[in-house]
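1. Next input, structure requested:
(one chain, ligands or ions: 2)
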Amino acid sequence: MKQLQVEKTASRGIAVAPVYYYQEPDLTPEDRGISEEQVSGELEKFENARKCVMEELGQLAKTSEIFAAHQEIAGDFMLQDSVCTRIRTQGKNAQLALTESIEEIANLFAGMDDEYMRERAADVRDVGKRLAARLKGKKLPDLGSLQEECIVVARDLYSSDTVKMNAHFVRGIITQEGGVTSHVSILAKMMNIPILVGVQGILEQVRDGSLVCMDAEEGSIVIDPEDEVQKQYLEKKAAYERERELLLALRGKPAVTKAGKRISLCANVGNVEDVRQALPVGIDGVGLFRSEFLYMERDHFPTEEEQFQVYKEAAELIPSELTIRTLDIGGDKELPYFSFEKEENPFLGWRAIRISLELREQFKEQLRAILRASAFGHVRIMFPMIISLWELGEGRALVEECKKELREEGIAFDENIEVGMMIETPASVLQAHAFAREADFFSIGTNDLTQYLLAVDRGNKKVANRYDFMHPAVLQAIRQVIEAGHTAGIKVGMCGEMAGDTGAVPTLLEMGLDEFSMSAGAVDYVRSLVLNN
Ligand code: PEP
Ligand code: MG
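-> Ligands and ions are numbered 1, 2, ... in the order given. As a prediction, the model looks like this:
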């Protein structure tokens, strides 16, 4: 019996099953040069493989948006150009040219500071693997055809593997590589399959068929468990399943506390696909739409029209509130097409509203796009990182300027659109009373507020044990903000991770928080806490 304790993934669930050892075919490219006469043949091989893969992905795109993104990668000019140039000018065969190009592009993503963008490298490799298998005439393992209960153990999985999996047979996933915000983790959580990622050495510790117990919430794995341990895990699993059933039965219920206060339970999302996946959980709206992902995924500032299409689609999907936070870039988030000057302290530097107020043209394009989308649902605007009344005033003035333009152009929008702000800086806490008179709502961003109040970098592992949103200073700040908001008659929500933390929820309810916005996976748990408090 071997026991491993690993990092948690924000995924829940317990599994006890034999291992399905996921082994990829050898896709190592042929290591041979080509003559001039062979160039056109190799170009043709690549082109044929690309066409087949594009077609395959086109079919798969009907089942998940991820494949539409993969189709874009496969059809991307940069990839095509990179492979063809290698074949034409460097005498490389198609397989080798493809492998090198994929690695080059994936490494470009992997080198970015932002975790979300870094993990998009996996999508590039996913497409590369599909193309390489075509070129080599190999079949990739098909997790969709599994017929027995198992825990899939793999070096890494790709979204294309995960989406085909049958949750009835795949009871858990353990990967040696990968990160918590990879698409695989997100998909597995959506499918309610417990997943543990980045488990060092797991491939050497298990064989195909080894019995494994895993608890995704605790981050524990036991390989070849003794009978007693296996029994304990099976009991925990049964208790977990009973709890889930109870939680699912509560989904239709409005979240009302014992004292009769209706609490709004919302989701944090980064794109329209997240919205779609959050809907079945029974959310009251979106408390945070992180619009920066729209900017980070492109190779140019998204135009007003491009943004409008996305916001409109999201607004139409959600019958209730859709809170769009304006661009929150800088800090640890960069744009591939915009060069940021190197800063000594990026989190104290040029970020969020500070950038928007300087790049007015782009800011106005975003505000116009949001305003236009407000004609299709209940849309709210939220500014990040506010420290002064001047910033809030400038932001609001620009909203008014955009409204005037739209009126003159005869374009519809919600005249009464609410404009609120995040409370994530100490300055906004100390001045909460003044801000509450100027903002239509508050949303407390505890991720940043904690780091700024405690002077503890939110991304630095060395000080992670000091990063604590239950610190008395943070709690006092939250209480102060809620009181200030309520005195001025505005709603106070929270969209930092704390809002979905089951340990923190009772305290926040006691303080009078009106809205909890969190990852969709946490909503069921928070709802049950609200109903019991
Ligand atoms: C926050 O700071 O709490 C927040 C929700 O914003 P982000 O995590 O995107 O900085
Ligand atoms: Mg923040």
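2. give me the low-pLDDT residue ranges for the chain?
-> 8-10, 63-64, 113-116, 179-183, 190 (pLDDT under 70).
3. residues in this structure within reach of ligand 1, list them.
-> Counting by C-beta under 6 Å from any ligand atom, the chain comes close to ligand 1 at Leu288, Arg290, Asp328, Glu424, Gly445, Thr446, Asn447, Asp448, Cys495, Gly496. In this view, the C-beta of every residue, glycine as well, is placed from N, C-alpha and C.
4. Who wins on neighbours among these?
-> Per-residue neighbour counts (other C-beta atoms under 10 Å) across those peak at Cys495, which has 29 neighbours.
5. Would you mind splitting the chain into its domains for me?
-> Domain ranges of the chain: 2-23+141-227, 36-136, 264-531, per automatic domain parsing.
6. Adding distance to Ala249, write those out as TSV.
-> Output for the domains of the chain, formatted as TSV (distance: least, C-beta to C-beta, whole Å):
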stretch	distance to Ala249
domain 2-23+141-227	15
domain 36-136	28
domain 264-531	10
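7. Centre of the chain to the helix or strand harbouring Arg50, how far?
-> Assigned by DSSP states H and E, Arg50 falls within helix 39-60. Centroid separation for helix 39-60 versus its chain: 30 Å, with C-alpha atoms, centre = their mean, to the nearest Å.
8. circling back to that earlier point, looking at the residues of the chain next to ligand 1, which one is closest to Val206?
-> Asn447 (35.5 Å; C-beta to C-beta).
9. Show me what the host helix or strand of that closest one is packed up against.
-> Element membership of Asn447 [criterion: DSSP H and E] is helix 446-454. In this structure, helix 446-454 packs against helix 426-430, helix 472-487, with contacts taken as 3 or more C-beta pairs under 8 Å, 6 or more residues apart in numbering; DSSP states H and E.
10. chain center to the helix or strand in which Arg368 is found: distance?
-> Assessed by DSSP H and E, Arg368 sits inside helix 360-373. The chain centroid and the centroid of helix 360-373 are separated by 23 Å under C-alpha atoms, centre = their mean.
11. Please pull up the helix or strand immediately following it.
-> strand 378-383.
12. start to end distance for stretch 374-388?
-> 26 Å (C-alpha to C-alpha, to the nearest Å).
13. List the buried residues for it?
-> For stretch 374-388, the neighbour count (16 or more other C-beta atoms under 10 Å) marks 374, 376-387 as buried.
14. Show me how far that stretch is from its chain's centre.
-> 20 Å.
15. Stretch 14-22 too?
-> With C-alpha atoms, centre = their mean, you get 26 Å for stretch 14-22.
16. circling back to that earlier point, show me the two of the buried residues of stretch 374-388 that sit farthest apart.
-> Phe376 and Ile387 (32.5 Å).
17. Can you tell me what sits against the helix or strand containing Asp123?
-> Here Asp123, judged by DSSP H and E, is contained in helix 121-136. For helix 121-136, the surrounding residues in contact (C-beta atoms under 8 Å, 6 or more residues apart in numbering) are 24-25, 27, 29, 45-46, 48-50, 52-53, 56-57, 66, 69-70, 73-74, 94-95, 98-99, 102-103, 105-110, 139-140, 156, 158-160, 178, 182-184.
18. Same check on stretch 58-73?
-> By C-beta under 8 Å, 6+ apart, stretch 58-73 touches 54, 57, 79, 123-124, 126-127, 130, 159-160, 163, 183, 187, 272-273.
19. can you rerun that using 6 Å?
-> Leu57, Val124, Val127, Ser159, Val163, His183, Glu273 (C-beta atoms under 6 Å, 6 or more residues apart in numbering).
20. Next: stretch 347-359.
-> With C-beta under 6 Å, 6+ apart, stretch 347-359 has contacts from 326-331, 343, 363, 383-386, 391, 394.
21. among the residues you listed, which are in helices?
-> Phe363, Glu391, Glu394 (DSSP state H).
22. got a list of what the first one touches?
-> Yep, that's Phe363 we're talking about. Ser356.
23. let's go with 7 Å and repeat that
-> Ser356, Leu357, Leu398 (C-beta atoms under 7 Å, 6 or more residues apart in numbering).
24. just to revisit the earlier point, does the helix holding Asn447 reach ligand 2?
-> Yes. Helix 446-454 lies within reach of ligand 2 by C-beta under 5 Å from the ion, at Asp448.
25. quick check: angle from that helix to helix 472-487?
-> 120 degrees (axes from the mean of the first three to the mean of the last three C-alpha atoms, to 10 degrees).
26. For helix 446-454, list the C-alpha coordinates in PDB.
-> Taking C-alpha atoms only, helix 446-454 is exported to PDB below (Å, rounded to 0.1, in the frame of the first residue of the first chain):
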ATOM      1  CA  THR A 446     -11.100  39.300  -1.600                       C
ATOM      2  CA  ASN A 447      -8.400  37.900  -3.800                       C
ATOM      3  CA  ASP A 448      -6.700  41.200  -4.200                       C
ATOM      4  CA  LEU A 449      -8.100  42.800  -1.000                       C
ATOM      5  CA  THR A 450      -6.400  40.100   1.100                       C
ATOM      6  CA  GLN A 451      -3.000  40.600  -0.700                       C
ATOM      7  CA  TYR A 452      -3.200  44.400  -0.400                       C
ATOM      8  CA  LEU A 453      -4.400  44.500   3.200                       C
ATOM      9  CA  LEU A 454      -1.900  41.900   4.500                       C
END
